[in-house]
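Here you go, sequence then predicted model.
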Amino acid sequence: MAPQASALASRYETLRMAALGEALPPEARNGLVLFLRLGMWGWARTLAVASVPPPDRRLPPGQVVPRERSACIHILAAMTMHVNQRRTP
């Protein structure tokens, strides 16, 4: 069984055991709300999408930061430096 499918099965078993009377761990409560609201298929799809890691946002080597973003970074850095200079006696 794939790791993602194994994790999904484990979460399902936690909800199933809670339905049979066992205590529901606090971290599983959101899953219960999803399950009750979306059904099993919606719950499984939501968890599968949530478990996919976000894409890497770092720039590849040699790629330049867009000019607008660079300008914003410089402005924020200047503001921070100005605040620090005002605080020092």
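Cool, got the structure. Residues are numbered from 1 along each chain as shown.

Where do the helices of the protein begin and end?
Assigned by DSSP state H, the helices in the chain fall at 3-19, 29-50, 67-87.

Out of those, flag the one nearest residue 58.
Closest to residue 58 of the helices of the chain, according to Cβ to Cβ: helix 67-87, at 13.5 Å. No exception for glycine: its C-beta is placed from N, CA and C like everyone else's.

And the contacts of stretch 18-27?
Residues outside stretch 18-27 that contact it (Cβ atoms under 8 Å, 6 or more residues apart in numbering) are 14, 15, 28, 32.

in that stretch, what counts as buried?
residue 18 (16 or more other Cβ atoms under 10 Å).

circling back to that earlier point, I'd like the helices of the chain written out as TSV, with mean pLDDT and distance to residue 58 added.
Listed next are those as TSV, based on pLDDT from 0 to 100; distance: least, Cβ to Cβ, whole Å:
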stretch	mean pLDDT	distance to residue 58
helix 3-19	82	24
helix 29-50	83	22
helix 67-87	68	14
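
picking up where we left off before, are any of the contacts of stretch 18-27 buried, and if so which?
Buried members of those, counted by 16+ other Cβ under 10 Å: 14, 15, 28.

Can you give me every residue that contacts the closest residue to the first one other than its chain neighbours?
In this structure, residue 14 finds its nearest non-sequential neighbour in residue 28, 5.0 Å apart by Cβ to Cβ, 6 or more residues apart in numbering. For residue 28, the set of contacting residues under the criterion of Cβ under 8 Å, 6+ apart consists of 11, 14, 15, 18.

cutoff 10 Å now
Residues near residue 28 by Cβ atoms under 10 Å, 6 or more residues apart in numbering: 11, 14, 15, 17, 18, 35.

Thanks again, I'm all set now.
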